[in-house]
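**Q** A structural model of the following input is requested.
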Amino acid sequence: MRAVFEVGAQDGAGRIGELEIPRAGVTVETPTLMPVVNPNLITVEPSRFPEFGAEMLITNSYIVKNDPELNEQALDEGLHEMLGFDGAIMTDSGSFQLAEYGEIDTHTEEILEFQHAIGSDVGTPVDIPTPPDVDRDQAEAELATTQERLELAATVDVGDMLVNAPVQGSTYPDLREDAGRHAYGTGLDLFPVGAVVPLMNQYRYDDMTEAVLAAKRGLGRDAPVHLFGAGHPMMFALAAALGCDLFDSAAYAIYARDDRYLTVSGTEHLADLHYFPCDCPVCADHTPAEVQAMGAADREKLLAEHNLHVSFGEIRRVKQALKSGNLLELVESRAHAHPDSLDGYRTLLDHADQLEASDPASKDAFFYTSADSARRPEVLRHHRRLERLDVSGDVLLTEGSGSDRFDEWWNVEAPFGPYPRALSTTYPLTAETPDRMDRGGFEAAAEGVRRLAEANPAASFTLGHRGWPDSALALVPERVELVDISPEGE
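**A** Numbers count the residues shown, from 1 in each chain. Model (predicted):
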């Protein structure tokens, strides 16, 4: 069966979606975060997860299967009763243990049948999570094994339980793209991008971005995408802009055990905090000193609750940004909080053409906040449209007023470049831009001039600019006459 996934609001490659989970009888709104539950080590009772905003959780069926007591309880009661959770439950297969320890004593058919038997709503086959940076022969061989297992998974009778089709391929974008295409072709339901946790642990957000975008190029646009192990709120906005719909987090609990406190811009140690920079119920009712003075169990529980609050708060913020059409502004603001996340955002912009295919043609506003904004898909789209416009005669492209000696005159504004005056009240040319434009914005505007001039070789162009930097003027074709109309240039 193919999961029913309906896409609503979009921005970049991000989208609001509705994912039907038939076995649970629920529809989950994405992007969504699934708290990870270790059934042997529960910090916050799953029955409380809806308080934070969770509609779905993920647990490990391999742990349940190999623990005699849990095995018996899960087969007798079912996972929902055992964990006390009424929402949808996804189960992992043991692939994490395979990656950690090198072998496991189960196989795809057996573990899928067990996941079905204990009441999982979304199951997972045993794929091979190939780590980053392995040699290509290993990546190809392990991907081939994963693909064989996905094809087998598609033949296992699991009723109305949805089944994941993990997308592997290590750090080889072409393998990731091929893996996405193959996974989508199996007819399975959800598509986790696997083995990216080592990249995120090493803050290699640029390589993570390349892996996800490559997988997305192979997957169909209606494919719900899960980013395995994406548990830190500082990267939810970027992951959503990449087109990921589901995330899972063990960080809320793991970090709490180590007295670590999550924020949207990084992680703090409790001992370093004099004030809580958050207004969640935990932080509103306690001071750092009070929490530090608690016993270990109480301290861990409160920190885990805070970590859930801040994580789901960021998910809601991402959803609102998607609805408002300013997700990329949120991504940029988050990216500038850390150099490694900035690398991820800039890698995303390297693929603006891929984002442009799904980015809405009209939104409420475009805010230019740094030179990175000049590389957004909205700017690329405007430049491509310039290449389709026919212009003839003597044409003035200017930041100032027109002149009767020209056949027509167009406005010029960074970062978009030239545009017909009739479009001055249309998106994205209504952009909010700083008076002190940076070099990147002027260079993007010059790129627009270049595209228009090269698409209309018979026209004669004059560019009236207000002191553009030499790096921007160097991009303008030599046949375009340059006139500095700034007070300094007149």
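
**Q** confirm residue 6 sits in a helix?
**A** No. Counting by DSSP: H, G, I helix; E, B strand; the rest coil, residue 6 is not part of a helix but strand.

**Q** isn't it right next to residue 15, touching?
**A** No. Counting by Cβ atoms under 8 Å, residue 15 is not a contact partner of residue 6; they are 9.8 Å apart. All C-beta atoms are positioned from the backbone trio N, CA, C, and that covers glycine.

**Q** more crowded one of these two?
**A** residue 15 (24 against 12; other Cβ atoms under 10 Å).

**Q** phi, psi for the more buried one please.
**A** phi -160, psi 150 (degrees, to the nearest 10).

**Q** what's the closest non-adjacent residue to it?
**A** residue 7 (4.7 Å; Cβ to Cβ, 6 or more residues apart in numbering).

**Q** so that neighbour makes contact with residue 13?
**A** No. If you go by Cβ under 8 Å, residue 7 and residue 13 don't touch, sitting 10.9 Å apart.

**Q** compare the two (neighbour count), which wins?
**A** Taking other Cβ under 10 Å, residue 7 and residue 13 do not tie; residue 13 has more neighbours (25 against 15).

**Q** okay, the more buried one: pLDDT?
**A** Residue 13 carries a pLDDT value of 94.

**Q** likewise residue 489?
**A** 64.

**Q** and what of residue 327?
**A** Note on residue 327: pLDDT of 96.

**Q** from here on, count from 3
**A** Yes, from this point I'll number from 3; that puts the last item at residue 329.

**Q** that one reaches residue 320, doesn't it?
**A** Yes. Counting by Cβ under 8 Å, residue 329 touches residue 320, with 6.9 Å between them.

**Q** need the residues touching each of the two.
**A** Both residue 329 and residue 320 are contacted by 16, 239, 242, under the criterion Cβ atoms under 8 Å, 6 or more residues apart in numbering.

**Q** quick one: the second one and residue 331 touch, right?
**A** No. Proximity of residue 239 to residue 331 does not meet the contact threshold set by Cβ under 8 Å, at 9.5 Å.

**Q** quick one: which of these two has more around it?
**A** residue 239 (29 against 20).

**Q** for the one helix or strand that one maps to, which outside residues touch it?
**A** Secondary structure assigned from DSSP states H and E places residue 239 in helix 238-243. Helix 238-243 is contacted by residues 13-16, 33, 35, 207, 211, 214, 229, 232, 249, 313, 316-317, 319-320, 323-324, 329-330, 332-333, 336-337, 343, 346-347, 350, 357 when judged by Cβ under 8 Å, 6+ apart.

**Q** what about those, which are in helices?
**A** 207, 211, 214, 313, 316-317, 319-320, 323-324, 329-330, 332-333, 336-337, 343, 346-347, 350, 357 (DSSP state H).

**Q** most remote residue from the middle of this protein, which is it?
**A** residue 407 (50.3 Å; Cα atoms, centre = their mean).

**Q** I figured residue 72 hits residue 62, correct?
**A** No. Between residue 72 and residue 62 there is no contact under Cβ under 8 Å: 10.2 Å.

**Q** neighbour count winner among the two?
**A** residue 62 (21 against 17).

**Q** in the sheet, which residues pair with the more buried one? Tell me.
**A** Listed by DSSP bridges, the beta-bridge partners for residue 62 are residue 94.

**Q** hmm, back to that, now the helix holding residue 239: mean pLDDT?
**A** Across helix 238-243, the per-residue pLDDT values average to 97.

**Q** for the residue farthest from the centre of the chain, which non-adjacent residue is spatially closest?
**A** Spatial nearest neighbour of residue 407, chain neighbours left out: residue 396 (7.4 Å); criterion: Cβ to Cβ, 6+ apart.

**Q** where are the low-confidence patches of the stretch 253-402 of the chain?
**A** Low-confidence segments of the stretch 253-402 of the chain (pLDDT under 70): none present.

**Q** all the helices of it, residue numbers only.
**A** In the stretch 253-402 of the chain, the helices defined using DSSP state H, counting those that start in this stretch lie at 253-259, 283-287, 290-294, 298-326, 329-337, 341-352, 354-358, 379-388.

**Q** for the fifth one, packing partners?
**A** Right, helix 329-337. helix 238-243, helix 298-326, helix 341-352 (3 or more Cβ pairs under 8 Å, 6 or more residues apart in numbering; DSSP states H and E).

**Q** list the buried ones in the longest one?
**A** Read it as helix 298-326. 301-317, 319-321, 323-324 (16 or more other Cβ atoms under 10 Å).
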